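J.: Let's see this in three dimensions:
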Amino acid sequence: MLFALEREAAPFHRRIRDASSVRIRITGIGAAAATQTTSRELASHRPARVIMAGFCGGLRDGLAVGDVLIPTEVVSDAGQCWPTDCGSRGAGRLVSTTRIISTPVAKRELGQRFHADIVDMESAAVAAVCQAAGIPFLAVRAVSDTVQTSLSAELIGLLGQGEVTPLRACRALLHKPALIREFLRLARDTRVAARNLANELTAIVNPLN
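T.: Residues are numbered from 1 along each chain as shown. I've put the predicted structure just below:
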C-alpha cells in the first residue's frame, strides 16, 4: 500500500500495525517519486495487489471534505487510461496531474475535460508501473479540498515540498501571517480525510487478514 505522505498513512498504519499481509510505503509527492518507489518495491516483492491511497482534490459539486472515492479508472493528463481492480466498490474517475490544481475554475475545467471526479498527482504513475508488471492496481482517495476550495500560491509552494513541517510553516507565516487561516483549514480537513481514508482502507484489507 502506497501513500505520498506520512500524514495520509498514519491513522491507517496505527490500525494495522500487526497485519503481516500489508506493506506500507511512503513514495513522496508526484509521478516521478511514485514511479521510483513502486518500481523498486515490485522488483523485490510481488504483491497480490497494489493500492495507491491518500488525499485528493474534488473536481465537481457534491463532494465534501472526507468523502472517500475508489475510482473505476485512472487517467493521466496526457490522456492515458488504466482500469482499477475496484470490484463492486468502485465509482467515478480520477485524473492525475503534474501540479497541484489550486482554483475552483481550474478544478472544474479539469474535471470537465477529463470527465473526472477527483484529482491527484501519483495514481496514474503507479497504475502504469502495475500494468507493466501485471499486478492489479487500486486507487483509494479521500477528498481534502473540494472544488470550491482555493489554495494560495504560498500554500502550494509548501505542499509541493512534501510534509508541512513546523519549521517550514513558521517561516511561511513570518512572510505572510494571513496563512494561519489556511493552515488551520488544512489541518482540520486533512485530519478528517485521513480518518475516513483509514476507515475505508481497513474495510478493504480486513478480509485479507
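J.: Skip the chain neighbours and tell me the closest residue to Ala194.
T.: When the adjacent residues along the chain are set aside, Ala194 lies closest to Pro11, with 4.9 Å between them (C-beta to C-beta, 6 or more residues apart in numbering). C-beta coordinates here come from the backbone N, C-alpha and C atoms, glycine included.
J.: Can I take it that the one you found is in a strand?
T.: No: under DSSP: H, G, I helix; E, B strand; the rest coil, Pro11 falls outside any strand and is assigned helix.
J.: any weak-confidence spans in this protein?
T.: Confidence mapping of the chain against pLDDT under 70 gives the ranges 18-19, 153-179, 207-209.
J.: on that earlier part again, list the contacts of the residue nearest to Ala194.
T.: Pro11 is in contact with Ala194, Arg195, Leu197, Ala198, counting by C-beta atoms under 8 Å, 6 or more residues apart in numbering.
J.: Check Ala10 too.
T.: With contacts defined as C-beta under 8 Å, 6+ apart, the neighbours of Ala10 are Ala194.
J.: Please apply the same query to Ala125.
T.: Neighbouring residues of Ala125 by C-beta under 8 Å, 6+ apart: Ala31, Ala32, Ala34, Thr35, Thr38, Ser96.
J.: tell me which element it is part of?
T.: Secondary structure here is read from DSSP states H and E; on that basis Ala125 sits in helix 123-133.
J.: Let's see that helix as CSV, backbone CA atoms only.
T.: Written as CSV, here are the backbone C-alpha positions of helix 123-133 (Å, rounded to 0.1, in the frame of the first residue of the first chain):
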residue,chain,number,x,y,z
SER,A,123,-2.1,7.3,-9.2
ALA,A,124,-1.6,7.3,-12.9
ALA,A,125,2.2,6.7,-12.5
VAL,A,126,1.6,3.8,-10.1
ALA,A,127,-1.1,2.3,-12.4
ALA,A,128,1.3,2.4,-15.3
VAL,A,129,4.0,0.5,-13.4
CYS,A,130,1.5,-2.1,-12.1
GLN,A,131,0.1,-2.7,-15.6
ALA,A,132,3.5,-3.3,-17.0
ALA,A,133,4.2,-5.7,-14.2
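J.: how close does the closest residue in space to Ala31 that isn't next to it in sequence sit to Ile135?
T.: Distance criterion C-beta to C-beta, 6+ apart; nearest residue to Ala31, sequence neighbours excluded, is Ala125 at 3.8 Å. Ala125 sits 14 Å away from Ile135 when distances are taken as C-beta to C-beta, to the nearest Å.
J.: do the same with Glu8
T.: On the measure of C-beta to C-beta, Glu8 and Ile135 end up 21 Å apart.
J.: So which of the two has more stuff around it?
T.: Neighbours per residue (other C-beta atoms under 10 Å) separate Glu8 from Ile135, with Glu8 holding more: 23 against 16.
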